[in-house]
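> how does the following fold in three dimensions:
(2 chains)
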Amino acid sequence: MAAFSFLFAYLLSFVFEGQVLYSTIDAFGARSNTYILAAIVAHFAGLFSCGLFIKTPSRAKSAMIVGMAICLIATAPFLFAPSALWFVGLVAAGYAGGCAVAAWGFFLKRFTPKDERIKSCADVLILSNIVMIAINVIAINLSHIIGLLLSMLCLILGGALTAMLPAGTNAETTTATTPETERKSPSDIKKPMLVLFLFVAVITITSGLMYQVINPAFEHLTGFVSWYWAVPYIIALAFMRNLSPKNRVQRSLFLYIGMGMIIAAFIAFMLLGRGAVDYLVIDTLMLGACGIFDLFWWSIIGETLDYSQNPAKMFGIGLSANVLGVLCGDVLGVVITSIQLPGAELAVIALTVVCVTLVMLPPLNHQLVLLLKSHAYLAAYDNMSQSQQTDIVRQVKTLDPLTVREQEVLQLILSGKSNREIAGALFISENTVKTHARSIFSKYDVSSRAELISTLLKNQTVG
Amino acid sequence: MLFETSFPKMNTGGGLVQMKSIRKRRNGYALLFAASICLAVWLGATFMLEAVFALGAISLISLVLLVRQSRLLYDATLIWDNRILAVPSALISTEGSLRQADTEETVISTFGMLIGSEIYRWGLDGVHGVRLSAVQIDKERMCLTFGDAAQTMRVDLLHGMTQKQAVLDAAQKLWHETGVTADITGW
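Just a heads-up that it's a prediction; the model follows:
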C-alpha cells in the first residue's frame, strides 16, 4: 500500500492536475492548458491499455518499477526552463504512471480479502493525499523546485518499496488463465465493465468541472487552499473507511448524500462570496462529496477484480473512466469559462451540468448493483450440484409454466452463458434466444437478465 | 368467440418468397427515407420551405413504414428460423364461416405461422401477449387456437400427414417448443 501511495501521491501532486505542475508552469510563465490536457489524455491511455500487456504478477511488478523510473526521468526536465521535453515528459509520465497504477490491481486483488478492499483503497487514498498536501504546501509556499524534488522522491520511495513486493510465479497466473478456469467463471464481464466505466466517468465529471470553475475563483487564497483543499476529502475517506460492514451495504444512501453535497456546493458557490470562510464551506461540501464518491467507486472496482482473470485490466479500465470523467469535466469547464459569462451565470451553467450528470447516477448504480449481484450469484450457482440447481429454479413461482425450450435456455443463462453461446449450444439463432429470454423474463415478472438471476438466486448461499 | 381482424397478421407474400418481398419493401422505404432526408436538407439550404415541409412529411411517413416493415421482417425471419412443420394449405375460421387461404405452403413455428400472404404471431410478447393455447390433430386437419386474454382465433390446416409417427413427432416438437400438448384424435 505504501508503494502505491507514494506513486499515487506523485501523480496527484504533479501529473494529474497537481499543484506542483501548476506552480512550475506558473513560475516559468508558460501556458498550462496544453500540458494539463496532454498529461490527462496520456494517463487515460496508460490506464486503459496496460491490461493488454500486463498479464502476470511479475510483469505487474516490473511495470510498476519501470513506470516509476520513466516518470522520474520524465519529471527531470521540469527542473529547467520550458522546452519540448516538458511536453514529451508529461506525456511519457502520464502514460507510464497510468500503467504503473493499473498494474497495482494485481497486488490489491492478491493481498487484500474482498471484504477488506474498501479499507485498503481508503488507506492508499488517505496516505497519498496526506503526502500530496505536504508537497503542495511546500511547492506553493516555499519553492516549486523543492515540490518537484519531493514528488521525485515519492517515486524513488515507491519504486524501492515495489521492488520489495513478492511477485509470485507466472505459473500461478498461467493456471488462472487456463480455458477450464475461464469456463468455470461466470462469463461475459463486458457488460458490468461497460456499466462500471459509464458510472465512474459520469460520477467524476463534476470533479473536472470543479477544477475549472470553482478552483480558479479562489486562486487568491493560495496559502489556505494549499493545505485545506484535500482535508475534507481525507475526512470523508476516513469516515467511509470506518463504516461498519452493515452500513457499507447501504452505500447507495451515501451516493445520494454525496449528490446532495455536490449540488449544495455549487449552489453555495453561486450564493456565497470568495472569502476564506466561503471557500471553507464550498470546499468542505465539494471535496467531502468527492471523497464519498471516490471511495464508492474504488470499492466497486475492488469488488470487480474477482470477476476478471486480469486485475490490471479491470483496475486500469475502472480508473481510466475516472480520468475520462475528469477530462470531460475539464473540457466542459474550459468551454463554459471561455464564454466569458458573468460569475453567477457561469455557476448556473455548471450547476445544470452537475444536475444532469447526477440524474444519471441512480439508474446506473442500480444496474451496476444488479450486475455485480448476478456475478456473485452465478459464481455460487456454478458450485452447486445439479439437483440443487434444479430445486432453485423450481422454488420460484412463475406466472406461467416454462416450456421445455425455455427451461433449456434458463439453465444456460444461469450458467453465465451469453446469448451467442446459448444460441451455439442449442443450435438456434441469437434472435430466437433473445425471444425465449424475453418470454422467460415475462413469466418471472422481471425486466432483465440481471434481475432474473437476482430473483432466482438471491436466497442462495453466496461464496 | 372467434375473431380474426385485430390479430397481428399482415400481408407479406409466401415463405421465403414472402420474406424476400418484405425485404424488398423495407429496402424501398429505406431508400425513400434517405432520399427524402437528403432532398429536404438540400432544399432547406436553398430556403424552399414549402418543399422542405412536404419532404419532411414524406420522410416521416417512410420512416414509420420502414420501422413497420423491419419489424415484420424480423418476425417473419424468427418464424421461419423456428419452423416446426410445413403443410400444404390452410382454412381460416371466421365467425360462422371458413375461407381457404391463397397459399402454396403454410409454415407453423414456435413463434407463429406464415400463411400465404399473412403472418400470425404468438409467443413473442410474453405471458400477456398472443399465445398458442390449443392444438387438435385428426386424420385430415390440424386446428390451432391462439389469442390473448381478450380474443382468440382458430386456424384449420389440411396437414397432409399420413403416418401416425409423423403426427406424433410434430406434436412432440410443438410441446417442446410451445408447451402446448396436442390433442390427437382419430388415429
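> host element of B:Ile119?
strand B:118-121 (DSSP states H and E).
> try B:Tyr74
Secondary-structure element containing B:Tyr74, defined by DSSP H and E: helix B:49-81.
> cool, and B:Leu132?
Using DSSP H and E, B:Leu132 falls in strand B:131-137.
> what pairs with that strand, and is each one parallel or antiparallel?
Partners of strand B:131-137 in the sheet, by DSSP bridges, are strand B:141-147 (antiparallel), strand B:182-184 (parallel).
> that one - what's its average pLDDT?
Rounded to a whole number, the mean pLDDT of strand B:131-137 is 91.
> and the contacts of stretch A:88-100?
Outside stretch A:88-100, the residues that touch it by Cβ atoms under 8 Å, 6 or more residues apart in numbering or on different chains are A:7, A:10-11, A:14-15, A:21, A:35, A:38-50, A:54, A:63-64, A:66-68, A:70-71, A:73-78, A:316, A:319-320, A:323. C-betas here are computed from N, CA, C, even on glycine.
> residue numbers of the stretch 301-450 of chain A in contact with chain B?
Within the stretch 301-450 of chain A, the positions lying close to chain B (Cβ under 8 Å from any Cβ of the partner chain) are A:399-406, A:428-429, A:431-432, A:435, A:438-439, A:441-443.
> can you list the buried residues in the helix or strand in which A:Val353 is found?
Following DSSP H and E, one finds A:Val353 within helix A:343-382. The neighbour-count check on helix A:343-382 (16 or more other Cβ atoms under 10 Å in any protein chain shown) flags A:346-347, A:349-351, A:353-354, A:357-358, A:361, A:364-365, A:367-379, A:381 as buried.
> do the same with stretch B:150-163
Under the neighbour-count rule (16+ other Cβ under 10 Å), stretch B:150-163 has B:152-157, B:159, B:161 buried.
> with just CA atoms, put that stretch into CSV.
Taking Å, rounded to 0.1, in the frame of the first residue of the first chain, the C-alpha atoms of stretch B:150-163 are listed here in CSV:
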residue,chain,number,x,y,z
ALA,B,150,-59.5,-10.6,-24.8
GLN,B,151,-59.7,-12.6,-28.1
THR,B,152,-59.0,-16.0,-29.6
MET,B,153,-58.7,-17.2,-33.2
ARG,B,154,-58.7,-20.6,-34.8
VAL,B,155,-56.9,-21.8,-37.9
ASP,B,156,-57.7,-25.1,-39.5
LEU,B,157,-54.9,-26.7,-41.7
LEU,B,158,-55.0,-29.6,-44.0
HIS,B,159,-51.9,-31.2,-42.6
GLY,B,160,-51.3,-33.9,-45.3
MET,B,161,-49.6,-36.3,-42.9
THR,B,162,-50.4,-39.9,-43.5
GLN,B,163,-48.1,-41.6,-41.0
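> and it, how far from the chain's centre?
The chain centre lies 15 Å from the centre of stretch B:150-163; the measure is Cα atoms, centre = their mean, to the nearest Å.
> and stretch B:32-41, by the same measure?
Its chain's average C-alpha position is 30 Å from that of stretch B:32-41, according to Cα atoms, centre = their mean.
> ok, stretch A:71-80 next?
Here stretch A:71-80 is found 27 Å from its chain centre; the criterion is Cα atoms, centre = their mean.
> what's the burial count for A:Gly258?
A:Gly258 has 26 neighbours, counted by other Cβ atoms under 10 Å in any protein chain shown.
> ok, now B:Ile115?
As a burial measure, B:Ile115 scores 27 neighbours (other Cβ under 10 Å).
> follow-up on the earlier one: pick the most deeply packed of the strands paired with strand B:131-137.
Burial of the strands paired with strand B:131-137 is given as mean neighbour count (mean count of other Cβ atoms under 10 Å in any protein chain shown); strand B:141-147 ranks first at a mean of 20.
> ok, then the element right after that one?
Past strand B:141-147, the next helix or strand by DSSP H and E is strand B:152-158.
> show me what that next one is packed against.
Using 3 or more Cβ pairs under 8 Å, 6 or more residues apart in numbering or on different chains; DSSP states H and E, the elements in contact with strand B:152-158 are strand B:89-94, strand B:141-147.
> least reliable of those strands going by mean pLDDT?
Among these, strand B:89-94 scores lowest, with a mean of 64.
> domains for chain B, by residue range?
Taking automatic domain parsing as the domain assignment, the ranges for chain B are B:15-78, B:83-184.
> just how off-centre is the shortest one within its chain?
What it means is domain B:15-78. Here domain B:15-78 is found 21 Å from its chain centre; the criterion is Cα atoms, centre = their mean.
> one more: the last one?
Here domain B:83-184 is found 12 Å from its chain centre; the criterion is Cα atoms, centre = their mean.
> coming back round to it: in strands, which of the residues of the stretch 301-450 of chain A next to chain B appear?
Members of those lying in strands (criterion: DSSP state E): none.
> filter those residues down to the buried ones, ChimeraX style.
Command for ChimeraX that selects the buried part of those, burial taken from 16+ other Cβ under 10 Å:
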select /A:402,403,405,406,428,429,431,432,435,438,439,441,442,443
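> gap between the one residue in the stretch 101-250 of chain A that gets nearest to chain B and A:Leu372?
Nearest to chain B, among the residues of the stretch 101-250 of chain A, is A:Lys191, at 22.3 Å (Cβ to the nearest Cβ). In this structure, A:Lys191 lies at 11 Å from A:Leu372, with Cβ to Cβ, to the nearest Å as the measure.
> kindly report the same for A:Asp391.
Distance, A:Asp391 to A:Leu372, using Cβ to Cβ: 25 Å.
> do A:Ala60 as well
The gap separating A:Ala60 from A:Leu372 is 24 Å, by Cβ to Cβ.
> closest to the centroid, which residue in chain B?
Chain B has B:Ile119 as the residue nearest its centroid, 1.7 Å off, counting by Cα atoms, centre = their mean.
> could you name the helices and strands sitting against the strand holding B:Ile119?
For strand B:118-121, the packing partners by 3+ Cβ pairs under 8 Å, 6+ apart come out as helix B:49-81, strand B:112-115.
> mean confidence score for that strand?
Mean predicted lDDT for strand B:118-121 stands at 86.
> could you list the buried residues of it?
B:118-121.
> what lines up beside that strand in the sheet?
strand B:112-115 (antiparallel).
> what's the average pLDDT for the strand it pairs with?
The average pLDDT within strand B:112-115 is 86.
> distance of A:Ser32 from chain B?
Using Cβ to the nearest Cβ, to the nearest Å, A:Ser32 is found at 41 Å from chain B.
> so who does that residue touch?
If you count contacts by Cβ under 8 Å, 6+ apart, A:Ser32 has them with A:21-22, A:25-26.
> tell me the angle the helix or strand containing A:Leu295 makes with helix A:343-382.
In this assignment (DSSP H and E), A:Leu295 forms part of helix A:276-304. Going by axes from the mean of the first three to the mean of the last three Cα atoms, to 10 degrees, helix A:276-304 is angled at 20 degrees with respect to helix A:343-382.
> residues of helix A:276-304 that come out buried?
By 16+ other Cβ under 10 Å, the buried positions in helix A:276-304 come out as A:278-304.
> packing partners of it?
helix A:117-141, helix A:190-213, helix A:222-228, helix A:231-241, helix A:251-271, helix A:311-338, helix A:343-382.
> as JSON lines, those helices with mean pLDDT would be great.
Output for these, formatted as JSON lines (pLDDT from 0 to 100):
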{"stretch": "helix A:117-141", "mean pLDDT": "88"}
{"stretch": "helix A:190-213", "mean pLDDT": "78"}
{"stretch": "helix A:222-228", "mean pLDDT": "81"}
{"stretch": "helix A:231-241", "mean pLDDT": "88"}
{"stretch": "helix A:251-271", "mean pLDDT": "83"}
{"stretch": "helix A:311-338", "mean pLDDT": "84"}
{"stretch": "helix A:343-382", "mean pLDDT": "76"}
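> ok, which of those helices comes nearest B:Ser133?
helix A:343-382 (33.4 Å; Cβ to Cβ).
> how about A:Ile317, what does it touch?
A:47-48, A:51, A:193, A:196-197.
> just put the residues you listed in CSV and tack on distance to B:Val41 and neighbour count.
Shown next, in CSV, are those (distance: Cβ to Cβ, whole Å; neighbours: other Cβ atoms under 10 Å in any protein chain shown):
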residue, distance to B:Val41, neighbour count
A:Leu47, 41, 28
A:Phe48, 37, 20
A:Gly51, 43, 22
A:Met193, 38, 19
A:Leu196, 39, 25
A:Phe197, 35, 18
